[in-house]
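>>> Got a sequence here, can you build the structure:
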Amino acid sequence: MHRRFLLGVTGLGILAALMITCLLLWPRASVAQRSPEPAAAEPSTFASYDELAGYLREQTALAERLDGLYSFYGPLRAMDAAGGAVGAAGQDMAAPSAKAPAPDHSATNVQVAGVDEADIVKTDGKYLYVLTHDRIVILAAYPAEGARVLSRVEFPGMPREAFIAHDRLAVFGQESETGEFLLLVYDVTDRARPVLERTVRTPGQYVTSRLIGDWSYVVLNEPVFRAMDGAEKPALPRLDVDGAERVVPPSRIHYFDVPDRAYQYTVVLAVNVRDKSRDVTEKTFLTGVSQNVFASPDHIYLTAPKPPDLVPYAERFFDELRPVLPPELRAKVDALRRSGAGIATKLDRAETMVDEYLNRLDAPGAAALEAKLREAYRKWQEEAAPEIARQRGMTVIHKLGVDGAAVTYLGRGEVPGRVLNQFSMDEYRGCFRIATTSDGFSFTGPWVTRNNVYVLDKDMRTVGRLEGLAAGERIYAARFMGERCYLVTFRQVDPLFVIDLQDPANPRALGELKIPGYSNYLHPYDENHLLGIGKEIAEGREAGLKIALFDVRDPAHPKETAKYVIEGADADSPALRDHKTLLFSREKHLLAIPVSTYPPYRIMAPEARIWPPPPIRGWQGAYVFHVGTDGIKLKGKVQHFTDPRPDYAPTPDTEIKRCLYIEDVLYTVSDLMVKMNRLDDLGEVNRVELP
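Here you go, the predicted structure:
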């Protein structure tokens, strides 16, 4: 009986997955393989649509054979770092002039000074611009006593984020019918009658954006394959600006020597939001999904996991296999390896050769040869698997230069480990700094997590490293401040590491503080203090939401000098995950964050048998603190939902999403309301309904 030769999870079956993955990760066949490019070289582009389509067609077909690949990589994988028409409300001659000096006001909490980040609420000190549901609401906000809605702009889909740049409002979102990315720029010189000035749309999905001067740099992920003529075909990136459509040619689509398996176009748009006469430009890369983005006034850094270079390891497997093959079979495999066939073809033919040879042997002879093949694979795996796993745990960083309409590729670097978020990256005096969590060797068991800080020069070469911090833990928060880096790792206690980066070539840990709990977000208070927002831990369990103040004047002995705990394991705040929800002013000694306390729904509780289930009462609002070096004190709370009836509960529409101030008034914003309270005693001044 014919017996197909398969080694299950070990043997040529695994080699199939490996070799196929090699093809996915390296340009082959229709695109000739190239040696690594110099750091500052522009990545390669495609000569024609046929070349692009052939490359993608080959990789997609091979991807269908990747069943079982993840089970192979399972024990080796690196740890995952745990959208119109304008409706005017009528011109109000009493509205404050847009040309008069703006009163003192807060801005979006951003990472880098001079690099604005889009948000769902923006203010210029006189007006509020609020994205809620499918509209943009513009309010006269100052003075608070006369606050009112001036206009509502219907967005043809879901608006995601916005910028305000002088008298221009740029809104990013996704169109409801097509799902396409949509950027609408309005002239809001007359806030009561916004005028649509520019429309940009692409088939992509919005990732993030930054505003540097008058230029917005927008990062999009656009699908490579789209339905055309009744079939899924590779499509070229498309950009529509004010009804004029243009297609990005293959000669402007850059790809890398080690591309990602999940093919997408990463598109960076440069849009001047104040001058509609300036053309919208783009830079397009064939990559995977963008992971994290960091931006400085001059550069944008895109990160992504690095796929391993498996080609040499596949060749080494053949080297291990060759000595155990009988002479007849060895000669055939050698000839196959010298042929010009692709790796997939070689794989198929090699399997067939071995299968046919085994079928000619008697049972004992076949068993003996299979045992030798398994041993050859085991030896190869012992050598190759750790190296493959180490490569899979790398992060690739692409550096782009931004200068007005120009977006230029400047180079690529890579470091071990995975990046938590944008705050794990920084640029300082020409160097790029990055903190990662990686897997490391352990004598006593599986690989353990370790934490690292790397410094790369302007050419993206690693010039300094500090590795191996807090074995068995991972980064929960990171913040770079000048010549220092602060890291919070966590497993059972909260180590706050103080790292000196004064010498880029020699990063070193100066000190650490171990306390129960952890911080998810670190925020500078001044050069000697920083705030941490995270969770309190008691008896090994989360016991509340914690705001802490750390004194780092003595970097060798950092101290927690104050803390405030909102008790309850269910206490939560979006500030743990989204830095834009935090309002902080050192001059006003002000800290405000949205907070919720929703008790967990208990399946076995009596109310669980009631249908429909009763609303979870809970509590949601904003906590407002007085923060100084002398401590953290609760000033009070602000709620938008205050219905006392037992059958009513807060809804997502009533949840406070942003806090800001103008002069001495605190503004809290939900989807249904803007509420104004005095900062000194939190007495209510006014409220404006948004719908």
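>>> In contact with residue 188, which residues?
138, 164, 167-169, 194-195 (CB atoms under 8 Å, 6 or more residues apart in numbering). C-betas here are computed from N, CA, C, even on glycine.
>>> Name the next helix or strand downstream of the helix or strand hosting residue 548, please.
Assessed by DSSP states H and E, residue 548 sits inside strand 541-551. For strand 541-551, the following helix or strand on the C-terminal side (DSSP H and E) is strand 559-567.
>>> If you count neighbours, what's buried in the strand holding residue 548?
Neighbour-count burial for strand 541-551, counted by 16 or more other CB atoms under 10 Å, picks out 542-551.
>>> about what we covered before: which one of the contacts of residue 188 is nearest to residue 217?
residue 168 (15.7 Å; CB to CB).
>>> returning to what we had before: would you list the strands that the strand holding residue 548 pairs with, along with their directions?
When pairs are called by DSSP bridges, strand 541-551 turns out to pair with strand 529-538 (antiparallel), strand 559-567 (antiparallel).
>>> okay, these, which one's buried deepest?
strand 529-538 (a mean of 22; mean count of other CB atoms under 10 Å).
>>> pLDDT (mean, whole number) over that one?
Averaging pLDDT along strand 529-538 gives 94.
>>> and what of stretch 403-410?
96.
>>> Off-centre distance for it?
From the chain centre to the centre of stretch 403-410 is a distance of 22 Å (CA atoms, centre = their mean, to the nearest Å).
>>> which residues are in contact with it?
Contacts of stretch 403-410 (CB under 8 Å, 6+ apart): 39-40, 42-43, 215, 217, 254, 268, 270, 272, 278-279, 281-283, 298-300, 398-402, 460.
>>> run the last query once more with 10 Å
Outside of stretch 403-410, the residues within contact range by CB atoms under 10 Å, 6 or more residues apart in numbering are 39-43, 212-215, 217, 254, 268-272, 278-285, 297-301, 398-402, 458-460.
>>> in that stretch, what's buried?
407, 409-410.
>>> now the strands for the stretch 51-200 of the chain?
Shown for the stretch 51-200 of the chain, the strands assigned by DSSP state E, counting those that start in this stretch span residues 86-88, 116-117, 121-123, 127-132, 135-140, 148-154, 157-165, 168-175, 181-187, 195-202.
>>> among the ones you listed, which is nearest residue 521?
strand 116-117 (14.6 Å).
>>> Strand partners (parallel or antiparallel) of that closest one?
With DSSP bridges as the test, strand 116-117 pairs up with strand 205-212 (antiparallel).
>>> From the chain's centroid, how far away is the partner strand?
Using CA atoms, centre = their mean, the offset of strand 205-212 from its chain centre is 12 Å.
>>> Can we start the residue count at 11 from this point?
Renumbered: residue one is now 11, and that last one reads strand 215-222.
>>> Just want the most central residue of the chain.
residue 302 (3.5 Å; CA atoms, centre = their mean).
>>> my guess is that one contacts residue 431, does it?
Yes - here residue 302 reaches residue 431: they are 5.9 Å apart, a contact under CB atoms under 10 Å.
>>> Of all the helix elements in the protein, which one is longest?
helix 373-402 (DSSP state H).
>>> Which parts of it count as buried, going by neighbours?
Quick answer for helix 373-402 (16+ other CB under 10 Å): 376, 379-380, 383, 386-387, 390-391, 394, 397-402.
>>> just curious, which of these is nearest to residue 159?
Nearest member of the buried residues of helix 373-402 to residue 159, counting by CB to CB, is residue 402, at 52.4 Å.
>>> residues in contact with stretch 565-573?
494, 496, 504-510, 519-523, 525, 527, 538-542, 546, 556-563, 637-643.
>>> which among these end up buried?
Here, 16+ other CB under 10 Å leaves 494, 496, 504-510, 519, 521-523, 525, 527, 539-542, 546, 556-562, 637, 642 buried among the contacts of stretch 565-573.
>>> Contact partners for residue 450?
Residue 450 touches 400, 403, 426-427, 457-462, 477-478, 481-482, counting by CB under 10 Å, 6+ apart.
>>> Please report how far it lies from residue 464.
Separation of residue 450 from residue 464 (CB to CB, to the nearest Å) stands at 15 Å.
>>> what do you get for residue 479?
Counting by CB to CB, the gap from residue 479 to residue 464 is 12 Å.
>>> any shared contact partners between the two?
With CB under 10 Å, 6+ apart as the test, residue 479 and residue 464 both reach residue 445.
>>> These two: which has the busier surroundings?
It is residue 464, of residue 479 and residue 464, that has more neighbours when counted by other CB atoms under 10 Å, with 23 against 20.
>>> So in terms of bridging, what pairs with that one?
Here residue 464, judged by DSSP bridges, has bridge partners residue 444, residue 475.
>>> Hmm, it is touching residue 473, no?
Yes - here residue 464 reaches residue 473: they are 8.8 Å apart, a contact under CB under 10 Å.
>>> Mind listing the shared neighbours of the two?
Contacts common to residue 464 and residue 473, judged by CB under 10 Å, 6+ apart, are residue 517.
>>> one step back: can you check which of the strands of the stretch 61-210 of the chain gets nearest to residue 115?
Across the strands of the stretch 61-210 of the chain, closest to residue 115 is strand 131-133 (CB to CB), at 5.7 Å.
>>> in its sheet, what does that closest one sit against?
Here, using DSSP bridges, strand 131-133 pairs with strand 137-142 (antiparallel).
>>> For the strand it pairs with, C-alpha coordinates in CSV please.
Presented in CSV, the C-alpha positions along strand 137-142 are these (Å, rounded to 0.1, in the frame of the first residue of the first chain):
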residue,chain,number,x,y,z
TYR,A,137,-14.4,77.4,21.1
LEU,A,138,-14.8,73.7,21.6
TYR,A,139,-14.8,71.2,18.7
VAL,A,140,-16.4,68.0,19.8
LEU,A,141,-16.8,64.7,17.8
THR,A,142,-19.8,62.9,18.9
